[in-house]
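Participant: here is a sequence with its predicted model. Questions after.
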Amino acid sequence: MKKINLSITGCMGRMGQQLIRSAKKNKNFNLVSLTENRKLDKKIIGIKPEFNSINAFKKAHVIVDFTVPKSTIEIIKIASKQKKRVVIGTTGFSKREENFIKNISKKIAILKAGNMSLGVNLLMYLTEIASKSLGKNFLSKVYEVHHKYKKDYPSGTALMLGRGIANGKNKDFYNLIGKKYLNKKSFPYGNKINFNSIRRGEVIGEHEVTFSSGKEIVKLNHESFDRALYSEGALLAAKWLINKKPGLYSMRDLLNFK
């Protein structure tokens, strides 16, 4: 099999570094470029990081991006001009940015996921089923924990799970977003979906969806122990995306969850 030329953005970030480690071990990929939003004089595994540009991505078959929304939008604008495929693991997009990504995906193949883990994507699938099955008599809320360096909240995964709840109810997610709490010991259910985000220590990721009727509680949860879960999932997504036509895909498409 011919190797896939890979570009990794945000190469000095926590996920950027993890992606480099995973890509080095994966025989399916040839790492051709690294980018960062600041000038770096040193080389990383023999590659000098560049700014995001047409030149930086010219040899790539797929770009893997775990940065911040502003940077991701810049990257997909460049990618669309070059017809490059993009895997997006960035979180924290506004509704306007989400729509922009959707429009760009008419020109290039994009796989976007708030979480690249198999287990988390199964959790979302189960969340949809539970939300649909339990119906309107159950209120729901989402709890998540991440390391103290994570800036955005709720996490992309928490929002993804919220979307799963909304999909199960066949309702628009943005109309169901409730209150967003940060570092609360406890938080209430509501008529909308409330979120509580904890930022502490070096926690890689914990997520829990809770449904309550007032008489019983149903909990679905997932805990991550190794950040390689996400980088390996992203590389699996990059390999899967290489033969896809323009469109906006998710890990659910890759995993073939119905």
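Facilitator: Sure thing, it's come through. Computed from a prediction, not measured in an experiment: that's the story for all the values here.
Participant: doesn't I76 belong to a helix?
Facilitator: Yes: note on I76: a helix contains this position according to DSSP: H, G, I helix; E, B strand; the rest coil.
Participant: tell me the phi and psi of the residue lying closest to it once chain neighbours are set aside?
Facilitator: Distances taken as CB to CB, 6 or more residues apart in numbering put I104 closest to I76, at 5.0 Å, once the chain neighbours are dropped. The way it works is simple: take the backbone N, C-alpha and C, and place the C-beta from them, glycine included. Main-chain dihedrals, I104, degrees, to the nearest 10: phi -60, psi -30.
Participant: so I104 makes contact with K77?
Facilitator: Yes: shown here, I104 and K77 form a contact pair, counting by CB atoms under 8 Å, at 7.4 Å.
Participant: more neighbours, these two?
Facilitator: Per other CB atoms under 10 Å, whichever of I104 and K77 has more neighbours is I104, with 18 against 12.
Participant: the stretch 101-250 of the chain: strands as residue ranges?
Facilitator: Using DSSP state E, counting those that start in this stretch, the strands of the stretch 101-250 of the chain run over residues 109-112, 139-146, 177-182, 193-199, 205-212, 217-224, 247-249.
Participant: dump these to JSON lines, plus mean pLDDT, mean neighbour count and distance to R85.
Facilitator: Supplementary listing: these in JSON lines, determined by pLDDT from 0 to 100; neighbours: other CB atoms under 10 Å; distance: least, CB to CB, whole Å:
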{"stretch": "strand 109-112", "mean pLDDT": "98", "mean neighbour count": "25", "distance to R85": "5"}
{"stretch": "strand 139-146", "mean pLDDT": "97", "mean neighbour count": "24", "distance to R85": "28"}
{"stretch": "strand 177-182", "mean pLDDT": "97", "mean neighbour count": "16", "distance to R85": "30"}
{"stretch": "strand 193-199", "mean pLDDT": "98", "mean neighbour count": "21", "distance to R85": "31"}
{"stretch": "strand 205-212", "mean pLDDT": "97", "mean neighbour count": "20", "distance to R85": "26"}
{"stretch": "strand 217-224", "mean pLDDT": "96", "mean neighbour count": "15", "distance to R85": "26"}
{"stretch": "strand 247-249", "mean pLDDT": "98", "mean neighbour count": "18", "distance to R85": "10"}
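Participant: how about these in TSV, adding distance to T72?
Facilitator: Output for those, formatted as TSV (distance: least, CB to CB, whole Å):
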stretch	distance to T72
strand 109-112	9
strand 139-146	19
strand 177-182	21
strand 193-199	21
strand 205-212	20
strand 217-224	22
strand 247-249	13
